[in-house]
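Colleague: Predicted model follows, preceded by the sequence.
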Amino acid sequence: MSNKVVVIFSGGMDSFTVLNRALKDGKEVYALTFDYGQKHVKEIACASKVCQQLGVSHKVIDISAINQLLAGSSLTDDIEIPEGHYQADNMKSTVVPNRNMILLSLAVGYAVSVEAEQVYYGAHSGDHDIYPDCRPEFVMKMNEVCQIANYQAVEIFSPYLTNNKSEILTDGLKMGLDYQDTWTCYNGRKKACGKCGACQERLEAFADNNVTDPIAYE
């Protein structure tokens, strides 16, 4: 049985925790980061820095050409990033059509090529309201498909699927993780805005854990 896993690593705090969880689980990690034309491209630089520090195999794949097909998201189009909490309807503008199905498909293909048994994926309960492709039923169905899509079965593994961001951070802090080199804000400016849904949920997670977020905010 292979000990290799592919980790979809955006550079955000959730996938950073997932990456370290895989390492803690004793896995041989192949990190995979996608440039899909997101405004918050700063997260890719964070991902590269972290993987270099950890000595983890890391590929950054440019798939930005898909934005010719996937229109209507404020993360990739000339649409203003909304402010407010994830549970607000205006956050639906941050949905990139079919993004996670595309990313998971590519990650599974990579897993087959390196003979990895799992793809670690950072979906969590805080995303369930807004993002259909982070919900348990989606992950379950994708996992079923990925068992039969190739000669080699690959499991889609979401270690924090039923946890919220605060609980993910709790686990990360127990592992002694430093979140200085992570990026969550949907705006790609020098400092995090503190107002978008991603920032608000991140700040709430740190407050819930009685810890100060180490990154700078506007």
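Modeller: Ah, there it is. Numbers count the residues shown, from 1 in each chain.

Colleague: strands paired with the longest strand along the chain, and their directions?
Modeller: Counting residues, the longest strand in the chain under DSSP state E turns out to be strand 28-35. Paired with strand 28-35 in the same sheet, following DSSP bridges, are strand 4-8 (parallel), strand 57-62 (parallel).

Colleague: where's that strand relative to the chain centroid, distance-wise?
Modeller: Relative to its parent chain, strand 28-35 has a centroid offset of 11 Å by C-alpha atoms, centre = their mean, to the nearest Å.

Colleague: circling back to that earlier point, wait, which of the strands paired with strand 28-35 is closest to residue 183?
Modeller: strand 57-62 (14.2 Å; C-beta to C-beta). In short, each C-beta sits where N, CA and C put it, glycine included.

Colleague: List the buried residues for that closest one?
Modeller: Neighbour-count burial for strand 57-62 flags 58, 60 (criterion: 16 or more other C-beta atoms under 10 Å).

Colleague: So which residues make contact with it?
Modeller: Residues outside strand 57-62 that contact it (C-beta atoms under 8 Å, 6 or more residues apart in numbering): 9, 29-35, 44, 47-48, 51-52, 106, 110.

Colleague: Show me where this protein dips below the pLDDT cut-off.
Modeller: 1, 39-40, 70-97, 126-130 (pLDDT under 70).

Colleague: how about a cut-off of 80?
Modeller: Confidence mapping of the chain against pLDDT under 80 gives the ranges 1-2, 36-41, 66-99, 126-131, 133-134, 188.

Colleague: any idea which helix or strand comes after the lengthiest helix in it?
Modeller: When the chain is parsed with DSSP state H, its longest helix is helix 99-114. Using DSSP states H and E, the helix or strand that follows helix 99-114 in sequence is strand 118-120.

Colleague: what's the following helix or strand after that following strand?
Modeller: helix 136-148.

Colleague: thinking again about what came up before, most widely separated two among the contacts of strand 57-62?
Modeller: So, these by C-beta to C-beta: farthest apart are 52 and 106, at 22.1 Å.

Colleague: Compare neighbour counts for these two and give me the winner.
Modeller: residue 106 (17 against 10; other C-beta atoms under 10 Å).

Colleague: hmm, back to that, which parts of the longest helix of the chain are buried?
Modeller: Neighbour-count burial for helix 99-114 [16+ other C-beta under 10 Å]: 99-100, 102-108, 110-112.

Colleague: quick one: buried residues of stretch 177-196?
Modeller: Buried positions in stretch 177-196, judged by neighbour count with 16+ other C-beta under 10 Å: 177, 179, 181-187, 192-196.

Colleague: My error: substitute stretch 27-34 in the last question.
Modeller: For stretch 27-34, by 16+ other C-beta under 10 Å, it's 27, 29-34.

Colleague: Relative to residue 155, which of the residues you listed is nearest.
Modeller: Using C-beta to C-beta, the buried residues of stretch 27-34 come closest to residue 155 at residue 27, 12.1 Å.

Colleague: Enumerate every residue touching the closest one.
Modeller: 3-5, 118, 120.
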